[in-house]
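>>> when you get a sec, could you give me coordinates for this:
(chains A and B)
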Amino acid sequence: MKKLFFIIFLLFFFLVNYVEAERMESSGYRIEYSNLNIGAANLSDDEANQYKLSTTLGQAASGKFQKDSYLVRAGFQYIHSIVPFTFSISKININFGELQPNVPKTDSAVLKVSFGGAGKYQVTAAEEGPLKTLANNFIEDASCDDKKCDEHTPSPWVSNSTIGFGYNLTGEDIPEAFIACGPTCYRRFPDVSNISQEKPVVVMSNESITANQPEATTKDIYHEAVVTFKVNVSAIQPAGTYQTIITFVATPTY
Amino acid sequence: MIKKRCILKKIILFVNLTFFLLFVQTAAAQQISLSFSPSLMEILIKPGKSIMLAYRLQNHADPTIIRTKVRPFNPKNNRGDIEIKPEFDGPIRFSLDNADLQLEQPFFLKTKDSQQLLLRLRVPEGTPEGDYYYTFLAETEPPPGTEGVTSSQTRAVIGSNLLITVTKTGTTEIKSKIVLFDLLTRFRFNLFGKTFRLADSNDQIPLVLIVENQGKNLIKPVGQIVLKGNFGEKAIYEILPSNILAQSQRLIEATPSAFLNQTKTSSLVLTGFFIGRYQLSASLNFGEGTPYTFARVDFWAFPFKLFLGGLVSFLAIVFVLKKIKNFEE
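Just a heads-up that it's a prediction; the model follows:
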């Protein structure tokens, strides 16, 4: 009888599968560390005001990590969102095609920012030099119809005889200057390559934590702006392939 | 035989067309879409120590070449914007712990792929105590432009901020001051050395609270703004936690039940029907055991618009009645 029990016990012992902690997989998916962000909130008893509880459920790397020599605060418990900070540009290549004198060419790209995890953000823009050829001929940056636009101030640019390279902004979170000036207004990109090393300018920014709002829809955490690039040359512009790089930097706030 | 071949050709053509129409996707311009998390790291560390920080970079769009770098930043204004310096400086040393990746070296990231970036942060011995602020950046490499076509290539850069406090003892310097606590009321005037703020009862009144960090370490204010009326009414607005970097100022936001105002230059917008004298007080502290900082401001509200409207209506009625009376006579 004892032997029988012993055999059954051994049989169970060897047949039992080993357990792999927190691993979920099927033919269609595998979760390496099954740690799903399922919620985060600030709780308090509003009436008595006796306790405050800040919670995070899931998220392996969020929270406060402390050792003798360091302390790290990371993740969304401190920012209260599970939406990652995301930045998108709809088009890498802004193509003006073949330029002809006094025939302005435009092309546009959509900048999209999701900033749920960041709370607030800014996007800056700058050019790595003007549009130029390998022979160093260049198209000057826009000064607009009234010659008053610069890196910060937009101004109307509707005349076909006005030459230069600039941009316009429409959509969400764009600078007040563009809203006030209107859709025909352009300004030039700051040039980070020149001697004066102009500083990048803010083209999108938002300071409201929309993702935190209970009725926030998906759209609320995606903010979009359209940047329209415009170029025009005069009859004396040397022929050539004019190119430059525009850098958009999206950073969350601190 | 020829008829069979003809049928076979037709079938092949039909199958090809079906596949072409059903499965071939439309071509779109090359896009960039990157996610970077976490978006903020706050580190308190002793000199001579090093730690590893794990980030995740995801590519949601077309395959791209990525380059990572770390650059110092300065606070740009009192709204939390930053100004990233073009070159690296400061005593903190950064490197990637990934076996196959290095900072400033390009790597390829496929569509819908993600890359864990293990950032090693080392604080050399002898690093002066204080705060050091950096942004960990991931930038795309724009492809070369097409010959013969005037074009501009776009580069996307996404960043995550690192707020590093170097301290030997674990204690930080908390030295703050409320530099502005004021209401942007419609009218204000000075009388006998005192400022009187006047608002209409229905006005939306913006409140500005700016705190200056005069110390060498970042601080996080917590506290409340309390509105008290002369009839015993009271409203409490919780201060939203935010970092004020060393030697900088920040506009502090307050919110009732997590709803924020949309104006960019105020901490809070007071709404309601106000009448009489109101007092607003701000009380802030910067963590457990730290002293409170107070500020107070008051304003008067009267139903000017309502009164004017009533007066105009009254005068109009009197005028009409007089006209009617004259007409009857």
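>>> mind naming the longest strand for chain B?
Among the elements of type strand in chain B, defined by DSSP state E, the one spanning the most residues is strand B:150-166.
>>> contact partners of whichever helix or strand comes after that one?
Beyond strand B:150-166 on the C-terminal side, the first helix or strand identified by DSSP states H and E is strand B:176-183. With C-beta atoms under 8 Å, 6 or more residues apart in numbering or on different chains as the test, strand B:176-183 has contacts from B:197, B:199, B:205-215, B:219, B:221, B:244, B:249, B:270, B:280, B:282, B:284, B:286, B:293-297, B:299. No exception for glycine: its C-beta is placed from N, CA and C like everyone else's.
>>> now do 7 Å
Contact with strand B:176-183 is made by B:197, B:205, B:207-214, B:219, B:249, B:282, B:286, B:293, B:295, B:297, B:299, as judged by C-beta atoms under 7 Å, 6 or more residues apart in numbering or on different chains.
>>> make a ChimeraX selection of the buried ones in those.
Listed next is the ChimeraX selection for buried residues among the contacts of strand B:176-183, using 16 or more other C-beta atoms under 10 Å in any protein chain shown:
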select /B:197,205,207,208,209,210,211,212,213,219,249,282,286,293,295,297,299
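>>> restricted to helices, list the contacts of strand B:176-183.
The helices, defined by DSSP state H, take in nothing from the contacts of strand B:176-183.
>>> isn't residue B:64 up against residue B:140?
Yes: in this structure, residue B:64 is within contact of residue B:140 by C-beta atoms under 7 Å, at 4.8 Å.
>>> so what sits against both of the two?
Counting by C-beta under 7 Å, 6+ apart, the contacts common to residue B:64 and residue B:140 are residue B:32.
>>> neighbours around residue 158, how many?
Since you didn't name a chain, this refers to chain A. Residue A:158 is surrounded by 11 other residues when neighbours are defined as other C-beta atoms under 10 Å in any protein chain shown.
>>> actually it's chain B I care about, not the one you picked
Around residue B:158 sit 30 other residues, with neighbours defined as other C-beta under 10 Å.
>>> so which residues of the stretch 51-200 of chain B form strands?
If you assign secondary structure with DSSP state E, counting those that start in this stretch, the strands in the stretch 51-200 of chain B sit at B:64-75, B:82-84, B:93-96, B:107-109, B:114-122, B:130-140, B:150-166, B:176-183, B:187-191, B:194-200.
>>> what segments of the stretch 1-150 of chain B are helices?
Counting by DSSP state H, counting those that start in this stretch, the segments of the stretch 1-150 of chain B that form helices are B:2-23.
>>> which residues of it lie near chain A?
B:29-46, B:49, B:51, B:54, B:61, B:79-84, B:86, B:135, B:142-143, B:145, B:147-150 (C-beta under 7 Å from any C-beta of the partner chain).
>>> quick one: buried ones out of these?
Buried residues within those, counting neighbours by 16+ other C-beta under 10 Å: B:30-46, B:49, B:51, B:61, B:79-82, B:84, B:135, B:142, B:145, B:150.
>>> wasn't residue A:7 part of a strand?
No: residue assignment for residue A:7, taken from DSSP: H, G, I helix; E, B strand; the rest coil, gives helix, which places it outside any strand.
>>> and it, what does it touch?
Under the contact definition (C-beta under 7 Å, 6+ apart), no residues are listed for residue A:7.
>>> quick check, pLDDT for it.
Note on residue A:7: pLDDT of 72.
>>> residue B:284 now?
In the prediction, the pLDDT value recorded for residue B:284 is 92.
>>> surely it is in contact with residue B:221?
Yes: using C-beta under 7 Å as the test, residue B:284 is close enough to residue B:221 to be in contact (4.5 Å).
>>> what touches both of the two?
Shared between the contact lists of residue B:284 and residue B:221 (criterion: C-beta under 7 Å, 6+ apart) are residues B:211, B:239.
>>> so which of the contacts of strand B:176-183 sit within strands?
Using DSSP E to define strands, the subset of those located there is B:197, B:205, B:207-213, B:249, B:282, B:293, B:295, B:297, B:299.
>>> out of these, who's nearest chain A?
Distances from these to chain A were compared by C-beta to the nearest C-beta; the smallest belongs to residue B:213, at 12.1 Å.
>>> check contacts around that closest one.
Residue B:213 is in contact with B:176, B:219, B:244-248, counting by C-beta under 7 Å, 6+ apart.
>>> repeat for residue A:254
Taking C-beta under 7 Å, 6+ apart as the test, what residue A:254 contacts is B:40, B:80, B:82, B:161, B:163, B:243, B:245.
>>> turn those into a markdown table, columns for pLDDT.
Conversion of the contacts of residue A:254 to a markdown table gives the following (pLDDT from 0 to 100):
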| residue | pLDDT |
| --- | --- |
| B:40 | 89 |
| B:80 | 86 |
| B:82 | 92 |
| B:161 | 94 |
| B:163 | 95 |
| B:243 | 91 |
| B:245 | 95 |
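>>> could you list the domains of chain A?
A:24-78, A:86-252 (automatic domain parsing).
>>> what about the longest one, how long is it end to end?
To tie it back to what came earlier, the one meant is domain A:86-252. According to C-alpha to C-alpha, to the nearest Å, domain A:86-252 extends 10 Å from its N-terminal end residue to its C-terminal end residue.
>>> any idea of the mean pLDDT for that domain?
Rounded mean pLDDT across domain A:86-252 is 88.
>>> can you give me the strands for the stretch 101-250 of chain A?
Listed in chain order (using DSSP E, counting those that start in this stretch), the strands of the stretch 101-250 of chain A are A:105-114, A:121-127, A:131-132, A:138-139, A:155-156, A:164-171, A:185-186, A:201-206, A:222-232, A:243-252.
>>> out of the ones you listed, which comes closest to chain B?
The closest of these to chain B is strand A:243-252. By C-beta to the nearest C-beta, the value is 4.1 Å.
>>> the closest one near chain B at all?
Yes: taking C-beta under 7 Å from any C-beta as the criterion, strand A:243-252 and chain B are in contact, through A:243-252.
>>> got these as CSV, with neighbour count columns?
Shown next, in CSV, are the residues of strand A:243-252 next to chain B (neighbours: other C-beta atoms under 10 Å in any protein chain shown):
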residue, neighbour count
A:243, 22
A:244, 22
A:245, 16
A:246, 20
A:247, 20
A:248, 24
A:249, 24
A:250, 28
A:251, 26
A:252, 27
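>>> ok, residue B:201 - contacts?
Neighbour list for residue B:201: B:273-275, B:301-303, B:306 [criterion: C-beta under 7 Å, 6+ apart].
>>> filter those residues down to the buried ones, PyMOL style.
Only the buried members of the contacts of residue B:201 end up in this PyMOL selection, burial being decided by 16+ other C-beta under 10 Å:
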select buried, chain B and resi 274+301
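>>> could you pick out which of the contacts of residue B:201 are near chain A?
Restricting the contacts of residue B:201 to those near chain A by C-beta under 7 Å from any C-beta leaves nothing, as none qualifies.
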